[in-house]
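In: generate coordinates for the sequence data below:
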Amino acid sequence: MTSKTTNRFSAEVRERAVRMVLEHQSDHASQWAAIGSIAAKIGCTAETLRNWVRQAERDQGLRPGPSSEERDRIKALEREVRELRQANEILRKASAYFAQAELDRPFKR
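Out: Numbering: from 1, shown residues only. Next comes the predicted model:
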């Protein structure tokens, strides 16, 4: 599930904004100052742009943490685990139901 902000800006706009921050941070007192300036120009919050920059830095290996690819893989695996747990619960309940039905059946000689 993606947030409203992610849907509001295309991947091209996000990549361009991140590139602008990384290229122009030396023109500002700090990276945060560059982020604030550029965020105002593209119409997003500084915190949103900071998150994009941090993820880009992780993707480039400049910052520790999972890359976008790794985060997507983790989400897919968590979804699969959730689905498998639900399937196991259904099978457990079905097994218990049929075992009880078998016990309730009259004995054949």
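
In: quick one, domains of the chain?
Out: 1-65, 67-109 (automatic domain parsing).

In: what's the spacing between the longest one and its chain's center?
Out: To tie it back to what came earlier, the one meant is domain 1-65. How far domain 1-65 lies from its chain's middle: 17 Å, per C-alpha atoms, centre = their mean, to the nearest Å.

In: do you know how far Cys44 is from Arg14?
Out: Counting by C-beta to C-beta, to the nearest Å, the gap between Cys44 and Arg14 amounts to 9 Å. No exception for glycine: its C-beta is placed from N, CA and C like everyone else's.

In: swap in Ile74?
Out: In terms of C-beta to C-beta, Ile74 sits 21 Å off from Arg14.

In: go on, Arg63?
Out: 17 Å.

In: of the two, who's got more company?
Out: With neighbours defined as other C-beta atoms under 10 Å, Arg63 and Arg14 compare such that Arg14 has more, 21 against 12.

In: leaving out sequence neighbours, find the closest residue to that one.
Out: Trp52 (5.2 Å; C-beta to C-beta, 6 or more residues apart in numbering).

In: give me the contacts around the helix or strand encompassing that neighbour.
Out: Per DSSP states H and E, Trp52 falls inside helix 46-59. With contacts defined as C-beta atoms under 8 Å, 6 or more residues apart in numbering, helix 46-59 is touched by 5, 14-15, 17-18, 21-22, 31-32, 35-36, 38-40, 42, 63-69.
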